[in-house]
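>>> Here is a sequence together with a model predicted from it:
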Amino acid sequence: MSRRRLGRRFYGRDPREVAPELLGTLLVHGERVGRIVEVEAYCGTEDPGSHAYRGPTPRTRVMFGPPGHLYVYFSYGMHWCANVVCGTDGQAGAVLLRAVAPVTGLEAMRAARPRARRDLDLTSGPAKLCQAFGLDGAFDGADLVRSDRGVHLAVDGTPLGVAPATSPRIGLSAGAELPWRWYVPGDPHVSGRPR
DNA sequence: CCGCCGATCTTT
DNA sequence: AAGATCGGCGGG
């Protein structure tokens, strides 16, 4: 089926509007392709759960820039996690990519994640999918519209099949009550235990 | 299957 | 000192 890369306009909206629409779209990095099944919205300086809440820092600089770029941050001193920058320039909106279902490039993903015992563990978490797709600090600021570092998002016309489910975001204390996580119910690649 | 805990960088 | 995490280990 033919693919269409997502354009700047898609990203230039409130992250809470973009997030559910990202479910079912494809994360593409060379031969490695995954279908997004779990995301979380972060709303910049108005969201106590966002890294951008207290204003820009060296780490969060990209989030305060134009939409359609990757914000990749280093977590717990060990892992990388990737967000899509949303909204207007200066707003610091973002959508965290929490899980994808592998579509192609499984061999490359397994090679990049030697500790994953099962294929279900390849991309079922924000740091897992970054490791599987080879996304690290070198991709912070990558332009998904121009695909200047070989990464982009695309749609291929495959219907989602189910209505997206929502829940509070995972692992937060501040902003923990806000229902800004969206996922594909029943998909085994969604992180954590079923809810 | 479940819960605990360590690893170790950024920000407060 | 806590955090947008993960995986190894021990117990049931």
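Thanks, I have it.

>>> Around DNA strand B, pick out the residues from chain A.
Residues of chain A found near DNA strand B (Cβ under 7 Å from any atom of the strand) are A:54, A:55, A:57, A:58, A:59, A:60, A:74, A:76, A:77, A:78, A:193. In this view, the C-beta of every residue, glycine as well, is placed from N, C-alpha and C.

>>> Report the contact partners of the first one.
For residue A:54, the contacting residues are residue A:45, by Cβ atoms under 8 Å, 6 or more residues apart in numbering.

>>> Distance check, it against residue A:47.
Going from residue A:54 to residue A:47 by Cβ to Cβ, to the nearest Å gives 11 Å.

>>> now the closest residue to residue A:183 other than its chain neighbours, what's its secondary structure?
In space, residue A:183 comes closest to residue A:38 once its chain neighbours are excluded; the distance is 4.1 Å by Cβ to Cβ, 6 or more residues apart in numbering. Of the three states, residue A:38 takes strand under DSSP: H, G, I helix; E, B strand; the rest coil.

>>> Residue A:38 reaches residue A:98, doesn't it?
Yes: using Cβ atoms under 8 Å, residue A:38 is in contact with residue A:98, at 4.0 Å.

>>> picking that back up, neighbour-wise, which of the residues of chain A next to DNA strand B leads?
In terms of neighbours by other Cβ atoms under 10 Å, the residues of chain A next to DNA strand B top out with residue A:60 at 20 neighbours.

>>> is the residue nearest in space to the middle of chain A in a bridge, and if so with what?
Taking Cα atoms, centre = their mean, the centroid of chain A lies closest to residue A:97, which sits 1.7 Å from it. In this entry, residue A:97 is beta-bridged to residue A:39, by DSSP bridges.

>>> Which residues of chain A lie near DNA strand C?
Residues of chain A lying near DNA strand C (Cβ under 7 Å from any atom of the strand): A:40, A:42, A:49-52, A:63, A:71, A:73, A:75-79, A:81, A:83, A:94, A:96, A:113, A:115-117, A:121, A:125-128, A:131, A:169-174, A:191.

>>> The residues you listed in helices, which ones?
The helices, defined by DSSP state H, take in A:126, A:127, A:128, A:131 from those.

>>> closest to DNA strand B among these?
Closest approach to DNA strand B among these (Cβ to the nearest atom of the strand): residue A:127, at 9.7 Å.

>>> Identify the residues contacting the residue nearest to residue A:183.
Neighbour list for residue A:38: A:23, A:98, A:99, A:181, A:182, A:183, A:184, A:187, A:189, A:190, A:191 [criterion: Cβ under 8 Å, 6+ apart].

>>> can you pick the most crowded of those residues?
Among the contacts of residue A:38, the one with the most neighbours (other Cβ under 10 Å) is residue A:98, at 28 neighbours.

>>> shouldn't that residue be in contact with residue A:39?
Yes: counting by Cβ under 8 Å, residue A:98 touches residue A:39, with 5.9 Å between them.

>>> and for the two, which residues touch both?
Joint contacts of residue A:98 and residue A:39 (Cβ under 8 Å, 6+ apart) are A:181, A:183.
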